[in-house]
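Enquirer: 3D, please:
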Amino acid sequence: MIELEKLLAVLPGNWERFIATVILLLAGVALSQLWARYLAREELSTEKRRQRLVWARNVIWAFTFFTVVSVWASTIAGFALSLAAVAGAMLIVSKELLMCVLGYAYLTLVRPFRIGDMIELGAVSGRVIDVDMFATTLAEFGHAGQLTGKTTGFPNGLLLTQPLKNNSATGEYIIHLFRMPLPAGAERDLERAERAATAAADHATEAWRGKAEVHFRKLSDDSFISLPSGRTKILWDFSDPKHLLIVVRVACPPMERLNVEQAVFRETWKRLSAVVEAESPAETAGPAEPVPST
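Expert: Below is the predicted model:
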């Protein structure tokens, strides 16, 4: 009781607002926990469950924040004039913090990505697993788009200063390009290399290639944007003529990128290496020695 009287003495005339603030904060925590338990019982995929959890949590805490601000609005207004003198200094000191909040506002309004999307921002790349007012957290991608088991994050202010790549912008299927070296000697017949890579890519994407073509055609019609078809395409990277690279373009689900790359590489090299090895003895062997007459 004595502690309560001391607390009320510290907040003369504002104890009702203080109690209302505590109740609002407790209500926000309770609603977040109840929503998480509700989602745990629903038969949803992990990605959908995580997406709804983060969305609801942000809505709950945004509502709680603005309600608390409205409760203390008159008190805050009383401090407005006294804060004006230090507002400039605070703005300079808290520039990064303000940019994070503005970046979150940009993310909320424009929605360049969502929970579960695969994005790249500068040197950071991964799958989005959490977003709050100040930072975005990713499940990190390592070499060839493979999950590393680590998490990484970036402040939301970077969304205002650096270009963002969303690799999941086309939804269920994406267009994926990757480069492959050729076995020694295979560059002598480019058409044969193209046929081998095309056959390998078609075989690796056979399970969904037809659905992907329909998906991109429908997406183009709905969004009025000319998107690439889902068909396999082979190109050449000849920036270094001494080391030609074959560029393979395929349509695949986002999480199948690494599997497709590995399958196409193995089958293409298997086909080309076998042909090169079969031709090598015939080329290296000299002309047949004449048989002496008897």
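
Enquirer: now do the strands in the stretch 151-294 of the chain.
Expert: 164-166, 174-181, 233-237, 245-252 (DSSP state E, counting those that start in this stretch).

Enquirer: tell me the most buried of those strands?
Expert: The highest mean neighbour count among these, using mean count of other Cβ atoms under 10 Å, belongs to strand 245-252: a mean of 21. To be clear about C-beta, it is placed using only N, CA and C from the backbone, and glycine gets the same treatment.

Enquirer: quick one: distance of that one to the chain centre.
Expert: The chain centroid and the centroid of strand 245-252 are separated by 20 Å under Cα atoms, centre = their mean, to the nearest Å.

Enquirer: make 888 the starting number, not 1.
Expert: New numbering, starting at 888: the last item is strand 1132-1139.

Enquirer: what's in contact with that strand?
Expert: With contact meaning Cβ atoms under 8 Å, 6 or more residues apart in numbering, strand 1132-1139 is reached by 1060-1069, 1080-1081, 1084, 1088, 1091-1092, 1095-1096, 1099-1100, 1102-1103, 1115-1124, 1147, 1151, 1155.

Enquirer: check stretch 939-952 too.
Expert: Contacts for stretch 939-952 (Cβ under 8 Å, 6+ apart): 911-912, 914-915, 918-919, 922-923, 926, 931, 1002, 1017-1020.

Enquirer: looking at neighbours, which among the residues you listed is most surrounded?
Expert: Counting neighbours by other Cβ atoms under 10 Å, residue 1018 leads the contacts of stretch 939-952 with 21 neighbours.

Enquirer: now the spatially closest residue to that one that is not a sequence neighbour: how far from residue 931?
Expert: Distances taken as Cβ to Cβ, 6 or more residues apart in numbering place residue 941 nearest to residue 1018, at 5.9 Å, with adjacent residues excluded. To residue 931, residue 941 is 14 Å away according to Cβ to Cβ, to the nearest Å.

Enquirer: work out which residue lies at the spatial centre of the chain.
Expert: A centroid search over the chain (Cα atoms, centre = their mean) returns residue 1005, at 1.8 Å, as the residue closest to the centre.

Enquirer: who does that residue bridge with?
Expert: On the basis of DSSP bridges, residue 1005 is bridged to residue 1014.

Enquirer: that one touches residue 1026, doesn't it?
Expert: No - with contact defined as Cβ atoms under 8 Å, residue 1005 does not count as touching residue 1026 (9.3 Å).

Enquirer: what touches both of the two?
Expert: 1013, 1014.

Enquirer: over to residue 930. Which of the three states is it?
Expert: In the three-state summary, residue 930 is assigned as coil, counting by DSSP: H, G, I helix; E, B strand; the rest coil.

Enquirer: count the residues that sit near it.
Expert: Neighbours around residue 930, by other Cβ under 10 Å: 6.

Enquirer: residues contacting it?
Expert: Counting by Cβ under 8 Å, 6+ apart, residue 930 has no contacts.

Enquirer: distance of it from residue 946?
Expert: In terms of Cβ to Cβ, residue 930 sits 23 Å off from residue 946.

Enquirer: kindly report the same for residue 1071.
Expert: Taking Cβ to Cβ, one finds residue 1071 at 59 Å from residue 946.

Enquirer: residue 1112 too?
Expert: In terms of Cβ to Cβ, residue 1112 sits 30 Å off from residue 946.

Enquirer: who's more crowded, these two?
Expert: With neighbours defined as other Cβ under 10 Å, residue 1112 and residue 946 compare such that residue 946 has more, 12 against 9.

Enquirer: in a helix, that's where the more buried one is, yeah?
Expert: Yes - under three-state DSSP, residue 946 falls within a helix.

Enquirer: end-to-end on stretch 1015-1028?
Expert: Distance between the boundary residues of stretch 1015-1028 (Cα to Cα, to the nearest Å) amounts to 11 Å.
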